[in-house]
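In: A structural model of the following input is requested.
(one chain, ligands or ions: 2)
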Amino acid sequence: MSTEPNCIFCKIVRGDIQAVEIARDAETLVFKDLNPKAPTHVLVIPTRHVTNLGDFATSATPHELGNLFALAAKYGREASPGGYRVVVNEGPDAGQTVFHLHLHVLAGRPMSWPPG
Ligand code: 5GP
Ligand code: ZN
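Out: Residues are numbered from 1 along each chain as shown. Ligands and ions are numbered 1, 2, ... in the order given. Sure, this is the predicted structure:
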């Protein structure tokens, strides 16, 4: 597994900083967002450092890619039978602030569309 020394999510993967972990396997980690935007707000990340969805999509195996989205669906469905939202921000225009790919899984309240 390759991690970046100064990446905050790599630090969570390595256990250098604490997070509330929901699930972990060799390729993926699911943990609670520190500043939740919904009653359920978890982040699904690859354990290897990759900056964004575009880089992941061009480097991941089909299994790795599928596993990430399958976990987002699993925890979204578990959180709310009424529905959930999966968000991936890539780049400054989309509001990405942590440059280690993460899928936001948001659930537990009605959400408006379009997003801001
Ligand atoms: P982005 O804006 O990059 O799409 O989302 C980054 C997310 O990471 C934000 O929702 C933010 O609350 C979360 N976050 C930032 N730092 C930490 C941290 O140290 N621990 C946890 N659990 N979440 C974090
Ligand atoms: Zn990282």
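In: what's the closest non-adjacent residue to Cys7?
Out: Nearest non-adjacent residue to Cys7, counting by Cβ to Cβ, 6 or more residues apart in numbering: His100, 5.1 Å away. From N, CA and C alone the C-beta is placed, and that goes for glycine too.
In: Can you name the residues that contact that neighbour?
Out: Taking Cβ atoms under 8 Å, 6 or more residues apart in numbering as the criterion, His100 is in contact with 4, 7-10, 45, 49-51.
In: among the residues you listed, which are in reach of ligand 2?
Out: 4, 7, 9-10, 49 (Cβ under 5 Å from the ion).
In: quick revisit: what about ligand 1: which of the contacts of His100 touch it?
Out: Taking Cβ under 6 Å from any ligand atom as the test, ligand 1 is in contact with Ile8 out of those.
In: Can you say which two of the contacts of His100 are spatially most distant?
Out: Greatest spatial distance in the contacts of His100: Ile8 and Val50, 14.2 Å, computed using Cβ to Cβ.
In: Settle it for me: which of the two has more neighbours?
Out: Taking other Cβ atoms under 10 Å, Ile8 and Val50 do not tie; Val50 has more neighbours (21 against 15).
In: Okay, that one and Pro39: tell me how far apart.
Out: Remark: distance between Val50 and Pro39 (Cβ to Cβ, to the nearest Å) = 29 Å.
In: ditto for Val87
Out: 16 Å.
In: Which residue of those two possesses the greater neighbour count?
Out: Neighbours per residue, other Cβ under 10 Å: of Val87 and Pro39, the larger number sits with Val87, 16 against 11.
In: Run a quick neighbour tally on the residue lying closest to Leu34 once chain neighbours are set aside.
Out: The shortest distance from Leu34 to any residue other than its chain neighbours is 7.6 Å, reached at Ala19 (Cβ to Cβ, 6+ apart). Ala19 has 18 neighbouring residues, counting by other Cβ under 10 Å.
In: So which residues on the protein come close to ligand 2?
Out: Proximity of the chain to ligand 2, by Cβ under 5 Å from the ion, involves residues 4, 7, 9-10, 49, 100.
In: Need the mean per-residue confidence for the longest strand seen in the chain.
Out: As assigned by DSSP state E, the longest strand anywhere in the chain is strand 40-46. The average of the pLDDT scores along strand 40-46 is 98.
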